[in-house]
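Visitor: could you work out the structure for the sequence below:
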Amino acid sequence: MTTATLRDVQRRGTLALAARESQRVVVLWTQTILPPVVTALLFLAVFGGALGSRVGEIEGLPYLTFILPGLLVLTVAGSAFSNNSTSLFQAKSEGYIEDVLTSPLQPWHFTLAYMAGGLVRAFAAAAVLAAIATPLTGGVENAPLAVASLLLTGLVFASLGVITGIWADSFDQHAFVANLVVVPLAMLGGVFYTARTLDEPWSTLTRLDPLFYLVDSTRAGLTGVHEAPVWISLTVTAAVASALFATATWLVARGWRLKP
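Guide: Residues are numbered from 1 along each chain as shown. As a prediction, the model looks like this:
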């Protein structure tokens, strides 16, 4: 097999695996897309609607407008992580992961293809949420910045989902990461508050959370309001996304907990 032929086989294999993961999301849309949208809308209704009149404004923004960027980030993060971790876990437990591992795909092809399903799920849910909620909260200040921030969110948590799917040998381990890593990051990410209003050590802990920078840059894109410089937010999250993708690819290359 020539180099050109091998590359063509790898390209088609990557696209086929990514298409399978994406099709799974679309076919099971009532389990993959609908729940995160409903959850985010409930947060908007409870926090933005019921409590918004009491909270008033934050950083000059109505509370509903203030929390929407954070809820978009949480929707993307949760969907990307959950999809990839559960998909890989099922592939391992049902044994068909070996078919993929024996293919001529490079480790980064494998990682990218599995991430594709999580990204499709994340952005489908975020698009539905934005279409429903944005007319209620006003226009978009800087659409490219908002899209870039949400894309980085998807890359970070899709990579983390692949790592978790490789590591987890039981649903308990999967739930451990979801409940003791992802949820605390979300709660300390500045979705419902600003870091500058907190006392120590909570203000510092919030600024150590990479999710804070994703929320902050997304809020800057949607509303123009931000706490950290936008270039710092994008640089920090791009570095985290690159590190997690490299880690996931390295684990696939080693075959850790993937090969018998």
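Visitor: check what pLDDT residue 182 gets.
Guide: Predicted confidence (pLDDT) at residue 182: the value is 82.
Visitor: could you do residue 101 as well?
Guide: Model confidence at residue 101 (pLDDT) stands at 82.
Visitor: quick one: it and residue 258 touch, right?
Guide: Yes. Counting by CB atoms under 8 Å, residue 101 does reach residue 258; the two are 6.1 Å apart. Where you see a C-beta, it was placed from the backbone N, CA and C, and this is true even at glycine.
Visitor: so between these two, which is more surrounded?
Guide: Taking neighbours as other CB atoms under 10 Å, residue 101 and residue 258 compare with residue 258 leading, 18 against 15.
Visitor: residue 123 sits in which helix or strand?
Guide: Residue 123 belongs to helix 107-137 when assigned by DSSP states H and E.
Visitor: what are the buried residues along that helix?
Guide: 107-126, 128-130, 133, 137 (16 or more other CB atoms under 10 Å).
Visitor: rounded mean pLDDT for it, please.
Guide: Averaged across helix 107-137, the pLDDT comes to 91.
Visitor: and the next helix-or-strand element following that helix with helix 107-137, angle?
Guide: Moving toward the C-terminus from helix 107-137, the next helix or strand (DSSP H and E) is helix 143-167. Helix 143-167 and helix 107-137 are oriented at 130 degrees to each other (axes from the mean of the first three to the mean of the last three CA atoms, to 10 degrees).
Visitor: identify the residues contacting the residue lying closest to residue 155 once chain neighbours are set aside.
Guide: Sequence neighbours aside, residue 241 is the residue nearest to residue 155 in space, at 4.2 Å (criterion: CB to CB, 6 or more residues apart in numbering). With contacts defined as CB atoms under 8 Å, 6 or more residues apart in numbering, the neighbours of residue 241 are 152, 155, 156, 159.
Visitor: for the helix holding residue 123, packing partners?
Guide: helix 3-27, helix 29-32, helix 34-43, helix 63-94, helix 143-167, helix 230-254 (3 or more CB pairs under 8 Å, 6 or more residues apart in numbering; DSSP states H and E).
Visitor: want to throw these into CSV with mean pLDDT?
Guide: Converted to CSV, those look like this (pLDDT from 0 to 100):
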stretch, mean pLDDT
helix 3-27, 87
helix 29-32, 89
helix 34-43, 90
helix 63-94, 89
helix 143-167, 93
helix 230-254, 92
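Visitor: make sure residue 33 is actually in contact with residue 123.
Guide: No. In this structure residue 33 lies outside contact range of residue 123 using CB under 8 Å: 10.0 Å.
Visitor: distance-wise, check the residue lying closest to residue 79 once chain neighbours are set aside relative to residue 256.
Guide: Excluding its sequence neighbours, the residue lying closest to residue 79 (CB to CB, 6+ apart) is residue 122, at 4.1 Å. According to CB to CB, to the nearest Å, residue 122 and residue 256 sit 25 Å apart.
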